[in-house]
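A.B. asks: Turn this into a structure:
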Amino acid sequence: MVAVHNFSYGALNPGLAFAMSCLGSYLGLRCVILSRAYDGAAKARWLVLASIAIGAVGIWSMHFIAMLGFSVPGEPIRYNILETIASMLLAVAVVGAGLFIVGFGEGGLPRLLAGGTILGVGVAGMHYLGMAAMNMTGSMSYRLPLVALSVVIAIVAGTVALWIGTWIKGMVATVGAAVVMGVAVTGMHYTGMAALQVKGGLMPSTAIDGMTTAAGVSGATAAAFVIPLLLVISLATFLLTLSISLTPSEDEIRADMDIRRRLDYMEQRSAADRGA
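C.D. replies: Down below sits the predicted model:
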């Protein structure tokens, strides 16, 4: 077995990854809270935004920020572009599936458990697909008990996240819930990383145009692909944060909709009276 390092830059990557997970979770929860004030297409739009925030920011970005601190001495590490992007789309899709299952319909425990299981399995799937997107000269394998534990953590975290989204209100409570979700997602990631084993490899290499190596390891370097993609997502996250901060609260939206209904009713009554 070859030694692997998950903390090549000390606490920097775990700290940034945890912060990103908390931010994505917070934005997602805010979108879920706002979705409760709407029905139909308007609710769906907020749930889609929540899926992107939690899936792309809170889960996927957290994973790859943490992976920037992963290294194997002497091993070139490259990323398959299509599989890396597919892992992000998977995260968004499964989070969306869980949110829509719980957000629409009668609710209840069966829907919550179904949505949480789908979300959790999908989060774990994103993690291991993201790992499969890494190319190196050595071969990767996993300790199955720790893999199973990481999946259980993901399912529990997903179920709790969906449950929180059905009732939480207020800024302080939302921040607290986002921190809990951040702990769970980060814990799932590093549990999965503890399951990783690397054999063989250790061939010196030199990057060529950020895409290939002299050792024959194909794919893009982190500097050429992962870091720029993370920067784009960070910019989009900033814009989403700004947009949500300017959006009225759930109670304000409900109050505004109630006033509009009353005005519409009064206009209809007035038109009926004039017609009579």
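A.B. asks: Restricting to C-alpha, output stretch 30-50 in CSV.
C.D. replies: Output of stretch 30-50 as CSV, limited to C-alpha atoms (Å, rounded to 0.1, in the frame of the first residue of the first chain):
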residue,chain,number,x,y,z
ARG,A,30,-33.2,29.3,2.4
CYS,A,31,-34.5,28.3,-1.0
VAL,A,32,-36.5,25.4,0.5
ILE,A,33,-38.0,27.8,3.1
LEU,A,34,-39.0,30.3,0.4
SER,A,35,-40.5,27.4,-1.7
ARG,A,36,-43.0,26.7,1.0
ALA,A,37,-44.7,30.0,0.3
TYR,A,38,-45.5,29.1,-3.3
ASP,A,39,-47.3,26.4,-5.3
GLY,A,40,-46.8,24.9,-8.7
ALA,A,41,-44.1,26.3,-11.0
ALA,A,42,-42.9,29.0,-8.5
LYS,A,43,-42.3,26.3,-5.8
ALA,A,44,-40.5,24.2,-8.4
ARG,A,45,-38.1,27.0,-9.3
TRP,A,46,-37.1,27.6,-5.7
LEU,A,47,-36.5,23.8,-5.3
VAL,A,48,-34.4,23.7,-8.4
LEU,A,49,-32.3,26.6,-6.9
ALA,A,50,-32.0,24.7,-3.7
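A.B. asks: pLDDT averaged over that stretch - what is it?
C.D. replies: For stretch 30-50, mean pLDDT is 88.
A.B. asks: Show residues contacting that stretch.
C.D. replies: 27-29, 53, 95-96, 99-100, 103-104, 165, 168-169, 174, 240, 244, 247, 250, 253-254, 257 (C-beta atoms under 8 Å, 6 or more residues apart in numbering). Yep, even glycine has a C-beta here, placed from its N, CA and C like the rest.
A.B. asks: The residues you listed, buried ones only, as a ChimeraX selection?
C.D. replies: Entered in ChimeraX, the line below selects the buried ones among these, by 16 or more other C-beta atoms under 10 Å:
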select :27,28,29,53,95,96,99,100,103,165,168,174,240,244,250,253
